[in-house]
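Engineer: sequence plus predicted model, see below.
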Amino acid sequence: MTLDEYIENHSEREPEYLAKVNRRTHLRLINPRMMSGHLQGRVLALLCHMIKPARVLELGTYSGYSALCMAEAMPESGILHTIEHDDELEDFIRENISGSAHAGKIKLHIGDALEEIAKLDEVFDLVFIDADKRQYMAYYEAVLPKVRAGGFIFADNTLWDGKLIEEVHPNDKQTIEIMRFNDHVANDARVEKVILPLRDGLTIIRKK
Ligand SMILES: C[S@@+](CC[C@H](N)C(=O)[O-])C[C@H]1O[C@@H](n2cnc3c(N)ncnc32)[C@H](O)[C@@H]1O
């Protein structure tokens, strides 16, 4: 047994419907590793139970798994906007969302994250950044003004497979941008932050 399996076996079980979405994602999409999955999904759900967000914004829907995890912990009147630019995923995402008990809380926007953020006239309790790694700084600066004081930003993949502490190839734009993002957030006095070494790194940021 691996330590990851031990942790999953001693944490909240993956809800049946999400296990189905997880399996379907593995069968139908390439790169299922991009999906939050059992453990990170339960962390997102638990954090949302603690924060009780009424307005959530997600950048990067993929199969809809993380959106479903967060929506389950939102009030019935809550709205989660999730943005995905790959229109070939749209039917699959809508299928996954519509079969869930929390479908009514989720609004899918197909388009580029930065363009869609600009169209949303909302104040958010929580933003989950998980789209193009090369644009994390731009996402952060675009969403921070839309987060209420005391609200949160979660940023995924901020440990980027450990590449951040190795020698970086000058063409590796993703690693360079994640490093820039991590440095920027670490030095940003507007927020309180901690990088959790969960999966590929999840940064929890609270706007002061
Ligand atoms: C890591 S996956 C998201 C995983 C999902 N949040 C989860 O945890 O289950 C990243 C997604 O962001 C999408 N994406 C990449 N660039 C984007 C952009 N500029 N605007 C919106 N979505 C983008 C990708 O197509 C992909 O589906």
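Structural biologist: Good, I have the coordinates.
Engineer: so for the lowest-mean-pLDDT helix or strand in the chain, what gets flagged as buried?
Structural biologist: Across the helices and strands of the chain, mean pLDDT, DSSP states H and E gives its lowest value to helix 3-9, namely a mean of 93. By neighbour count with 16 or more other Cβ atoms under 10 Å, helix 3-9 contains the buried residues residue 8. The way it works is simple: take the backbone N, C-alpha and C, and place the C-beta from them, glycine included.
Engineer: with just CA atoms, put it into CSV.
Structural biologist: The C-alpha trace of helix 3-9 is given here as CSV (Å, rounded to 0.1, in the frame of the first residue of the first chain):
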residue,chain,number,x,y,z
LEU,A,3,1.0,6.4,1.6
ASP,A,4,-1.4,8.1,-0.8
GLU,A,5,-3.6,5.0,-0.7
TYR,A,6,-3.4,5.0,3.1
ILE,A,7,-4.4,8.7,3.2
GLU,A,8,-7.4,8.1,0.9
ASN,A,9,-8.5,5.0,2.9
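Engineer: how many other residues sit next to residue 26?
Structural biologist: Using other Cβ atoms under 10 Å, residue 26 has 13 neighbouring residues.
Engineer: what's it sitting at in phi/psi?
Structural biologist: phi -60, psi -40 (degrees, to the nearest 10).
Engineer: residue contacts, the residue nearest to residue 173 when sequence neighbours are not counted?
Structural biologist: Spatial nearest neighbour of residue 173, excluding adjacent residues (Cβ to Cβ, 6 or more residues apart in numbering): residue 134 at 5.0 Å. The contact partners of residue 134, by Cβ atoms under 8 Å, 6 or more residues apart in numbering, come to 173-174, 177.
Engineer: as JSON lines, the residues you listed with neighbour count would be great.
Structural biologist: Putting these into JSON lines (neighbours: other Cβ atoms under 10 Å) gives the following:
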{"residue": "173", "neighbour count": "12"}
{"residue": "174", "neighbour count": "14"}
{"residue": "177", "neighbour count": "18"}
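Engineer: closest to the ligand among the residues you listed?
Structural biologist: residue 174 (11.2 Å; Cβ to the nearest ligand atom).
Engineer: chain neighbours aside, what residue packs nearest to that closest one?
Structural biologist: Going by Cβ to Cβ, 6+ apart, residue 174 has residue 133 as its nearest residue, at 4.2 Å.
Engineer: from the ligand, how far out is that neighbour?
Structural biologist: Separation of residue 133 from the ligand (Cβ to the nearest ligand atom, to the nearest Å) stands at 9 Å.
Engineer: residue 113 too?
Structural biologist: From residue 113 over to the ligand (counting by Cβ to the nearest ligand atom), the distance is 3 Å.
Engineer: residues in contact with the longest strand anywhere in the chain?
Structural biologist: Taking DSSP state E as the criterion, the chain has its longest strand at strand 147-156. Contact with strand 147-156 is made by 36, 40, 44, 47, 51, 53, 60, 123-130, 136, 140, 143-144, 181, 185, 191, 200-208, as judged by Cβ under 8 Å, 6+ apart.
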